[in-house]
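K.L.:
Here is a sequence with its predicted model. Questions after.
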Amino acid sequence: MDTGVDGLVVKVEGEVATLRIDRPHARGALTAAMWEALPGTLAALEADPEVSVLVLTGTDGVFSAGADIRELRGHYATAEAADAYHALNSAAEQALAAFAKPTIAYVQGPCVGGGCQLAAACDLRFADTTARFGVTPAKLGIVYDAGSTARLARLVGVSTAKYLLFSAELIDAAHALRVGLVDDVFDPTEADEKVYGFARTIASRSQLTIRAAKDLLATDTTDPTRLDAWRDTWERESRGSADVREGLAAFTERRAPRFAWPR
């Protein structure tokens, strides 16, 4: 799949799509063109019926060191230019967070600034031991986006969010695992096998179950109207789904299920 912009590469193997930040020579720095291309790229992958899981990763041991600083000075030449740049940035993050299918950030090397922003917008984050994480706007005098700040705090807690935002210091993979910024850490020699093996496991499960769970976890469950709407949509879908019948039959017959939803 052609993303239409240098620095973003898509590859689909089976039911797992990989969206690769492909600028290792620039430490995975994200250009404005890359930010702008992300929502459309994600929309195409979400619409692809063959894709069940998305892995966001980098290239040659580099995830992303964040925004391309050489461009950033120009984007801050005026308040209007800065607003336009941050609108691109925010739209890309929101598109990734709203992606209907499961998303995994696979982090090697630097995951800083805008790179960490994208990783935090994924459902799960796996890293190898070379990974380094940081949220660094305080080094540049930039006020971090409100949505990104809230997402970070929900992920790691308010105290750790303050630690990262106030200090702008990098933390290693072990520290990131300890505070909940990543879900698991692997040795570099086994990371590919572990991450993509897990992605294939997700792809083998009922996508109806997974999609419903992801939708509920993004829903304000304190709002009875929204919760009732979720029940009307997903629980009703499940009651008459072929996936339920297939799952029960496969369990009884001691074989792997062949789930088909929504295909």
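P.N.:
That came through fine.

K.L.:
now stretch 8-27, how far from the chain's geometric center?
P.N.:
Its chain's C-alpha centre and that of stretch 8-27 lie 13 Å apart, by C-alpha atoms, centre = their mean, to the nearest Å.

K.L.:
Identify the residues contacting it?
P.N.:
By C-beta atoms under 8 Å, 6 or more residues apart in numbering, the surrounding residues in contact with stretch 8-27 are 1-3, 6-7, 28-31, 34, 37-38, 41-42, 45, 48, 50-65, 68, 109-110, 115, 196, 199-200, 203. No exception for glycine: its C-beta is placed from N, CA and C like everyone else's.

K.L.:
Name only those of these that count as buried.
P.N.:
For the contacts of stretch 8-27, a burial check counting by 16 or more other C-beta atoms under 10 Å picks out 3, 7, 28-31, 34, 37-38, 41-42, 45, 51-59, 62-65, 68, 109-110, 115, 196, 199, 203.

K.L.:
Just the residues you listed: which are in strands?
P.N.:
Per DSSP state E, strands hold the following members of these: Val53, Leu54, Val55, Leu56, Thr57, Pro110.

K.L.:
The helix or strand of the chain with the lowest mean pLDDT: what's the following helix or strand?
P.N.:
When the helices and strands of the chain are scored by mean pLDDT, DSSP states H and E, helix 69-75 comes last with a mean of 83. Secondary structure here is assigned by DSSP states H and E; on that basis, the next helix or strand after helix 69-75 toward the C-terminus is helix 79-97.

K.L.:
same for that following helix, what does it pack against?
P.N.:
Under the contact criterion of 3 or more C-beta pairs under 8 Å, 6 or more residues apart in numbering; DSSP states H and E, helix 79-97 touches helix 32-47, helix 69-75, helix 114-121, helix 146-156.

K.L.:
Just tell me which of those helices ends up closest to Lys139.
P.N.:
Proximity of the helices and strands packed on helix 79-97 to Lys139 was assessed by C-beta to C-beta; the nearest stretch is helix 69-75, lying at 10.2 Å.
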